[in-house]
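Participant: Here's a sequence, model it:
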Amino acid sequence: MKKLNSLTILFIVTAVMVVLMLITIQRPSQSNDDEGLLFPDLYSQLSDINKIKVSSNQEEFTIVRDGEDWYVQERWNYPADFNLAKRTLIDLADAKILETKTDKPEQYGVLGVDGMEEGGETVHLTLLNDDDTVAGLLLGRERELGQTGGPRQFYVRRAGEERSWLAEGYLNINPLMLNWVNSEVITVARERIAQVNIIQPNGTTATLINLGQKDKFGTPESRDKTVFKYAQLGYDIAGTLFQLRMEDVQPLSGFSRGKAEIVTAEFITFDGLKVVTETSFDIESGLYFTTFKAEFTPENISNAPKDIAALNVLKDEQQVKQEVADLNRRLSNWVYRFGGFVGTNLMRAKADMVTEADKVIPMPADVTGGFGS
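Facilitator: Numbering: from 1, shown residues only. Reported below is the predicted structural model:
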């Protein structure tokens, strides 16, 4: 019994010591002497930075700058999200030190600043000018404050230093490479769309036309009497290219669709832009793969409905020609992967688009209270 009591007491004492250590490491400092920018000179060096290297126990990749544009080096130099790269640099320059924390390596794990070895959670961010390091950060755990917005607090270490800190800022650095890729493929306003043709491998075509009014679409045969599979389907198909985002991308060179059949979709605007997509469905993976090509087709220029013309979304001939050149330069060498909603709409046969009135799929009730309308 005495031995058991001794072990119990030893366990309690050990537990108390661990708790005290955690409190000691994470408790607020009594001094404000350390307050200031985490990287005091970084603002003046931002224009020199042309590489952002992100390392974690999940991935390691580099975002590189060429002129004003950023690219994901390990993703075939596909364009990166410019706003994310810019925001990361500014947010790091803005980060402020709140408190001094431990400089003892054996205590780093409590704050998550111990590195990536043996499953460490640290995200290591390195800013470079060519091969010269400008700044480096080991980002640890977030200090939970229960807030829903604004800057947050994180435990950090500057690369090459033993001292750790509690810092404040927008330091939610994403450790996944795909999240740094510019996911927006193309954006063509729905209001510009005059006609959509979806052409099956056997040549049969499903055609959708603007009915002479903003956001109103139907088939050439039935026009305003068109009954879609669900009420908003025509609107959805016509808006496929508006802020279209991909799930993944890969080079066209070396890509094979195998035996999958290709469905072609033509999106034709009132101002003469034609965007042609070729989409196939891979049965084994359950994924949709699409390529893009843009053309200027002056024969398709037509008068837009008054309410669309008033929106100032239409372009003149020179602007459309420039748009075509830009789209082909950006998109022609890539294959894009999309989810089922986009992929299905790019491949719809007429039987999958229209139906009889008594077979319409009802839309779910609006439980948003009109949010976003």
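Participant: All the helices of the stretch 251-373 of the chain, in order from the start?
Facilitator: Remark: helices of the stretch 251-373 of the chain, listed N- to C-terminal, are 306-309, 317-331, 340-346; assignment by DSSP state H, counting those that start in this stretch.
Participant: Buried residues in the first one, which are they?
Facilitator: By 16 or more other C-beta atoms under 10 Å, the buried positions in helix 306-309 come out as I308. (C-beta placed from N, C-alpha, C; glycine too.)
Participant: Then stretch 142-149?
Facilitator: Using 16+ other C-beta under 10 Å as the burial criterion, the residues of stretch 142-149 that qualify are R143.
Participant: ok, back up a step: just the helices of the stretch 251-373 of the chain: most buried one?
Facilitator: Neighbour counts (mean count of other C-beta atoms under 10 Å) averaged over each of the helices of the stretch 251-373 of the chain peak at helix 340-346, with a mean of 18.
Participant: mind listing the strands in the stretch 1-150 of the chain by residue range?
Facilitator: Taking DSSP state E, counting those that start in this stretch, the strands of the stretch 1-150 of the chain run over residues 36-37, 51-55, 60-66, 69-72, 78-79, 96-100, 123-129, 132-142.
Participant: For the fifth one, which strands pair with it and how are they oriented?
Facilitator: Yep, that's strand 78-79 we're talking about. Strand 78-79 has these partner strands in its sheet, going by DSSP bridges: strand 69-72 (antiparallel).
Participant: which residues sit in contact with the closest residue to L331 other than its chain neighbours?
Facilitator: With C-beta to C-beta, 6 or more residues apart in numbering as the criterion, L331 has its nearest non-adjacent residue at 4.2 Å, and that residue is F292. For F292, the set of contacting residues under the criterion of C-beta atoms under 8 Å, 6 or more residues apart in numbering consists of V185, I186, V275, V276, T277, L327, L331, S332, Y336.
Participant: burial count for the fifth one?
Facilitator: As a burial measure, the neighbour count of T277 was computed by other C-beta atoms under 10 Å and equals 25.
Participant: could you dump the strands of the stretch 1-150 of the chain to TSV with mean pLDDT and distance to Q318?
Facilitator: Formatted as TSV, the strands of the stretch 1-150 of the chain follow (pLDDT from 0 to 100; distance: least, C-beta to C-beta, whole Å):
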stretch	mean pLDDT	distance to Q318
strand 36-37	95	47
strand 51-55	98	36
strand 60-66	98	27
strand 69-72	98	24
strand 78-79	98	25
strand 96-100	97	48
strand 123-129	97	39
strand 132-142	97	42
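Participant: closest one to D282 among the ones you listed?
Facilitator: If you check each of the strands of the stretch 1-150 of the chain against D282 by C-beta to C-beta, strand 78-79 wins as the nearest, at 20.5 Å.
Participant: Provide the partner residues of the nearest residue to G160 once chain neighbours are set aside in its beta bridges.
Facilitator: What sits nearest to G160 in space, not counting adjacent residues and going by C-beta to C-beta, 6+ apart, is G136, at 6.7 Å. The partner list for G136 in beta bridges (DSSP bridges) reads T126.
Participant: circling back: could you dump the strands of the stretch 1-150 of the chain to CSV with distance to N345?
Facilitator: Supplementary listing: the strands of the stretch 1-150 of the chain in CSV, determined by distance: least, C-beta to C-beta, whole Å:
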stretch, distance to N345
strand 36-37, 49
strand 51-55, 34
strand 60-66, 32
strand 69-72, 28
strand 78-79, 24
strand 96-100, 47
strand 123-129, 37
strand 132-142, 39
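Participant: Show me the one of those that comes nearest P151.
Facilitator: Judged by C-beta to C-beta, the one of the strands of the stretch 1-150 of the chain that comes nearest to P151 is strand 96-100, at 8.3 Å.
Participant: in the stretch 51-200 of the chain, which segments are predicted with low confidence?
Facilitator: Counting by pLDDT under 70, the stretch 51-200 of the chain has low-confidence residues at 118-119, 148.
Participant: nope, the stretch 201-350 of the chain is what I meant
Facilitator: Using pLDDT under 70, the stretch 201-350 of the chain has no residue that qualifies.
Participant: residue ranges of the strands in it, please?
Facilitator: 205-210, 217-218, 244-245, 248-251, 263-269, 273-282, 287-296, 334-338.
Participant: ok, and what's touching the second one?
Facilitator: Outside of strand 217-218, the residues within contact range by C-beta under 8 Å, 6+ apart are L208, I209, N210, L211, D224, K225, T226, G234, Y235, I237, A238.
Participant: Whichever of these end up buried, select them in ChimeraX.
Facilitator: Under the burial definition 16+ other C-beta under 10 Å, those of those that qualify are selected in ChimeraX by:
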select :208,209,210,211,226,234,237,238
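Participant: Could you export the contacts of strand 217-218 as JSON lines, including distance to T344?
Facilitator: JSON lines is the format used below for those (distance: C-beta to C-beta, whole Å):
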{"residue": "L208", "distance to T344": "14"}
{"residue": "I209", "distance to T344": "20"}
{"residue": "N210", "distance to T344": "22"}
{"residue": "L211", "distance to T344": "23"}
{"residue": "D224", "distance to T344": "25"}
{"residue": "K225", "distance to T344": "24"}
{"residue": "T226", "distance to T344": "19"}
{"residue": "G234", "distance to T344": "14"}
{"residue": "Y235", "distance to T344": "15"}
{"residue": "I237", "distance to T344": "10"}
{"residue": "A238", "distance to T344": "15"}
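Participant: Pick the one among the contacts of strand 217-218 closest to Q250.
Facilitator: Out of these, the one with the shortest distance to Q250 is I237. That distance is 25.5 Å, counting by C-beta to C-beta.
Participant: Okay, the nearest residue to the closest one once chain neighbours are set aside and Y288: tell me how far apart.
Facilitator: Beyond its immediate neighbours in the sequence, the residue positioned closest to I237 (C-beta to C-beta, 6+ apart) is N345, lying 5.1 Å away. Separation of N345 from Y288 (C-beta to C-beta, to the nearest Å): 10 Å.
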